[in-house]
Each structure stands twice: as structure tokens, then as C-alpha cells.
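In: From the sequence below, what's the structure:
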Amino acid sequence: MASHGATIRHATREDVPTILGLIQELAEYEKSSSSVKATEESLLKTLSHADPSDPSKFSQGFAKTLLLVDPDNTIAGMALYYYSYSTWTGVPGIYLEDLFVKPAYRKKGYGKALLQELAREVLKVGGKRLEWSCLNWNEPSLQFYQSEAIGAKKKTEWEGLRVEGEALDRLARV
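Out: Numbering: from 1, shown residues only. Below is the predicted model:
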């Protein structure tokens, strides 16, 4: 349950066009629209979807999506996540790939509600960590994440690294 009568549920296959739209809106906000390569077809293949007849059952996939539905019945936001694992704690966690609330629905507690639901998901699987990254220029989001309401701490001793594109192809050919 979210604040102000909104609800949170896991996405089904039928939600894929909406998820793609939210991804595109997020990319536009981050000034990276041209970087979105996801399609409805790729999301249908790679996301895990809740079974509408039994929301506790999911199709096979690599990530799940929580959708926040406003009382006006509009999908106002999403949290796209996948399970991670910590060798040091020996238990799973969740990595939040993307959190997005449409601009018209911000300042209603919806971002916090999505993070609270993810925290419950972490605890449900016996996990210890909820982690994500935020662009260093996104000051409003950084302030929100580090606020007392959320309580996230910046990881200063770790640097994010990524291998992609031609470098990934080269690495795989070794």
C-alpha cells in the first residue's frame, strides 16, 4: 500500500508498454533519450512478470518491476529491480536499477512508498541490503535519498565500473 490511497503492485506482461514509456520518460529526464535501446519485445523477454491470476507467481526473467498506481488509476511511477548477493553477509539483497515517478505525481510520498515496498521485499527474502546508484548531478534525488525519511548513505570507498559494447565483446573473446 502506498500513501494517499495509491497502490503498489508487481507488473504483468500487459504493463510492458507502460514500463517502456516510463523508461523513456526517465531517460528524457536524465538527458539520455538516445541511449534507450529497450523495446517492448526485449522487456517481454527479460523482465519477470507477475501472473495476474496469482500475483505471487512470476514468469522467468532477470528483473521485476513494481508499479505505483495513483487513485486516479494512472500508473504514476515504477521501481525496476533485481536480486543481488553479498558474499560478506551471505544473504541476498536488492539492487534498484531505476526509480521513477512522473513529474505530475511527485511530492506525494510515492518515491518513498516504492522504496518502502522494496525494503519489505529485501526483508521477505532474508536480505540485508537495498542498493542503487544516482547520477552525481541529480541533486534533488540525492537530497531525497539521503534525507532522514529514507536514510541512504553514499558509498564513498567504492567506484562504479562497467564493461559494455566493444570492450565487452573483446573481454568475452579472451
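
In: quick one: the strands in the chain?
Out: According to DSSP state E, the chain carries its strands in the segments 7-10, 50-51, 54-58, 64-69, 75-86, 91-101, 130-132.

In: could these be laid out in CSV, adding mean neighbour count, mean pLDDT and distance to residue 40?
Out: Heads up, the C-betas are built off the backbone N, CA and C, glycines and all. What follows is the strands of the chain, written out as CSV (neighbours: other C-beta atoms under 10 Å; pLDDT from 0 to 100; distance: least, C-beta to C-beta, whole Å):
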stretch, mean neighbour count, mean pLDDT, distance to residue 40
strand 7-10, 17, 97, 18
strand 50-51, 17, 96, 17
strand 54-58, 10, 92, 18
strand 64-69, 22, 98, 13
strand 75-86, 19, 97, 15
strand 91-101, 18, 96, 17
strand 130-132, 17, 94, 25
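
In: Out of those, which is closest to residue 111?
Out: strand 91-101 (5.2 Å; C-beta to C-beta).

In: Give me the contacts around that closest one.
Out: Counting by C-beta atoms under 8 Å, 6 or more residues apart in numbering, the neighbours of strand 91-101 from elsewhere in the structure are 22-23, 25-26, 29, 63, 68, 76-86, 110-111, 114-115, 118, 121-122, 125-132.
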